[in-house]
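J.: give me coordinates for this.
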Amino acid sequence: MLSELKLFTTFIYVIVFLYGIVIGSFLNVCIYRIPKKENIATERSHCMECGTQLKWYDLVPLFSWLFLKGKCRYCGTRISIQYPLIEFINGVGYVWIFVVNGFNFVSILYCLCMSAILARSVIDWRTFEIPVAFNIFIFALGIVRVIYDFEHIVTYLIGMVAISLFLFIVFLVTGGRGIGGGDIKLMAATGLLLGWKGIVAAFFLGCILGSVIHIILMIFFKKDRTLAFGPYLSLGIFFAMFYGEQLVDWYIGLLT
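T.: The predicted structure is shown next:
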């Protein structure tokens, strides 16, 4: 009986992973087309080099890239490793969320949020621009979370302003040089989804990760001082989905 339960659980995780890589494939479409103002719904997928429209068997998430050895079937041009990487990260992230948080409605919201911040982060990293649609989508997830857990509405409303208000003040004081407006909106939207403990943890994790990683990039990869803060905030948000409340409770415990 126990072995059958484990087998069933493994099967469910495989399904979750497959859903994750399928959505990850759509994220790649968003990453490439949104900055170019191209339609993400109706335009057929095609090779970026030869322009050939791709068949369905060229578009199987992760597996097509592996089968084709990272090259276009029609012209032999190398296909960016970003495609399978985004799909794999999204699939593994989905599984991780369900493993840690369990099979519940909140895990679904967190998975959707993770996909949004993943695509948003790649676009921000490349262009230093943040499409507003991602923040609107996350804010909508936050509204759903509030409705689902309405008895704790104050926690989520405080979360919406706990960090975003501070960043807005920084924005005003520095004339927009200290922080971007898109990052303020991100922290407001995600704060509504995670609550105040989660968003506080996400912010401090993002600051720490951003400082460490960017210094490494500057030293070893000659990265300039210009910092796209959004991807690091998104990384902090991702980890806060799992451990945010525990980290804040642990820290408060040290002070009491």
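J.: which stretches in the chain count as strands?
T.: Applying DSSP state E to the chain gives no strands.
J.: show me it divided up by domain.
T.: Domain assignment for the chain by automatic domain parsing gives 1-103, 128-256.
J.: what's the most buried one of those domains?
T.: Per residue and on average, the most neighbours among these fall to domain 128-256, with a mean of 18 (mean count of other Cβ atoms under 10 Å). In short, each C-beta sits where N, CA and C put it, glycine included.
J.: now the end-to-end length of that domain.
T.: Distance between the boundary residues of domain 128-256 (Cα to Cα, to the nearest Å) amounts to 41 Å.
J.: quick one: mean pLDDT for that domain?
T.: In this model, domain 128-256 has an average pLDDT of 89.
J.: would JSON lines of the domains of the chain with distance to residue 113 be doable?
T.: Listed next are these as JSON lines, based on distance: least, Cβ to Cβ, whole Å:
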{"stretch": "domain 1-103", "distance to residue 113": "9"}
{"stretch": "domain 128-256", "distance to residue 113": "6"}
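J.: among those, which is nearest residue 122?
T.: Closest of the domains of the chain to residue 122 is domain 1-103, at 5.0 Å (criterion: Cβ to Cβ).
J.: circling back to that earlier point, so which of the domains of the chain comes closest to residue 112?
T.: Of these, nearest to residue 112 by Cβ to Cβ is domain 128-256, at 5.9 Å.
J.: and the pLDDT at residue 55?
T.: 79.
J.: repeat that for residue 13.
T.: If you check residue 13, the pLDDT there is 94.
J.: number the residues from 14 up from this point.
T.: Understood, numbering begins at 14; the last thing we discussed is residue 26.
J.: contacting residues for it?
T.: Residue 26 sits next to 108, 111, 112 when contact means Cβ atoms under 8 Å, 6 or more residues apart in numbering.
J.: closest to residue 133 out of the domains of the chain?
T.: domain 141-269 (4.2 Å).
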